[in-house]
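> mind folding the following:
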Amino acid sequence: MSLAADLLRLARERGAVIATAESCTAGLIAAAITDPPGSSEIFDRGFVTYSNAAKEEMLGVSPETLAAHGAVSEEVAREMAAGALANSRATLAVAVTGIAGPGPSEHKPEGRVCFAIADATGARSEMQDFGPIGRDHVRRATREHALALLIDALG
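Predicted coordinates:
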């Protein structure tokens, strides 16, 4: 069974509704969640917030947080997840922001991705360094890790 099918089953069992906030994956996580038939029962919406302005306008990410930590930070990921939860009918939200590549940014390496999960208890985050494995591989690894985090959150 795929991660998306596992997520669908668990979310149905728990009565959960999911939203996504994606930067470096540009909707790949939402697409994966909605692949299995019946996903409309558990998926509310996805926010693709590639630019900092979109993060601020659509999710309420603070310009001060962006200035202090940069877009690829756990702080921004937590604000993205909290914003997705607040601006949807979801009970659980996942957010991702990272450097897919090719190459690093000025201060952060290729393959660094920050993840956050938000629910009624708050937002929690983590960072993964997938390494310089190439843009497509970083984005796929990010999608799979985000699905696994959602499954763990529902576990």
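> CA only for contacts and neighbour counts going forward, please
Will do.
> and the helix ranked longest in the chain, what's its mean pLDDT?
What stands out as the longest helix in the chain, according to DSSP state H, is helix 135-154. Taken as a whole, helix 135-154 has a mean pLDDT of 98.
> mind listing what's buried in it?
Within helix 135-154, the residues that qualify as buried are 135, 137-139, 141-151, 153, counting by 16 or more other C-alpha atoms under 10 Å.
> could I have that helix exported to PDB, CA atoms only?
C-alpha atoms of helix 135-154 as PDB (Å, rounded to 0.1, in the frame of the first residue of the first chain):
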ATOM      1  CA  ARG A 135      16.200  18.700  -7.700                       C
ATOM      2  CA  ASP A 136      13.800  15.900  -8.600                       C
ATOM      3  CA  HIS A 137      15.200  13.600  -5.900                       C
ATOM      4  CA  VAL A 138      15.000  16.300  -3.200                       C
ATOM      5  CA  ARG A 139      11.400  17.100  -4.200                       C
ATOM      6  CA  ARG A 140      10.400  13.400  -4.200                       C
ATOM      7  CA  ALA A 141      12.100  12.800  -0.900                       C
ATOM      8  CA  THR A 142      10.400  15.800   0.600                       C
ATOM      9  CA  ARG A 143       7.000  14.600  -0.600                       C
ATOM     10  CA  GLU A 144       7.500  11.100   0.900                       C
ATOM     11  CA  HIS A 145       8.800  12.500   4.200                       C
ATOM     12  CA  ALA A 146       5.800  14.900   4.400                       C
ATOM     13  CA  LEU A 147       3.400  12.000   3.900                       C
ATOM     14  CA  ALA A 148       5.200  10.000   6.500                       C
ATOM     15  CA  LEU A 149       5.000  12.900   9.000                       C
ATOM     16  CA  LEU A 150       1.300  13.200   8.400                       C
ATOM     17  CA  ILE A 151       0.800   9.400   9.000                       C
ATOM     18  CA  ASP A 152       2.900   9.700  12.200                       C
ATOM     19  CA  ALA A 153       0.800  12.600  13.400                       C
ATOM     20  CA  LEU A 154      -2.400  10.500  12.900                       C
END
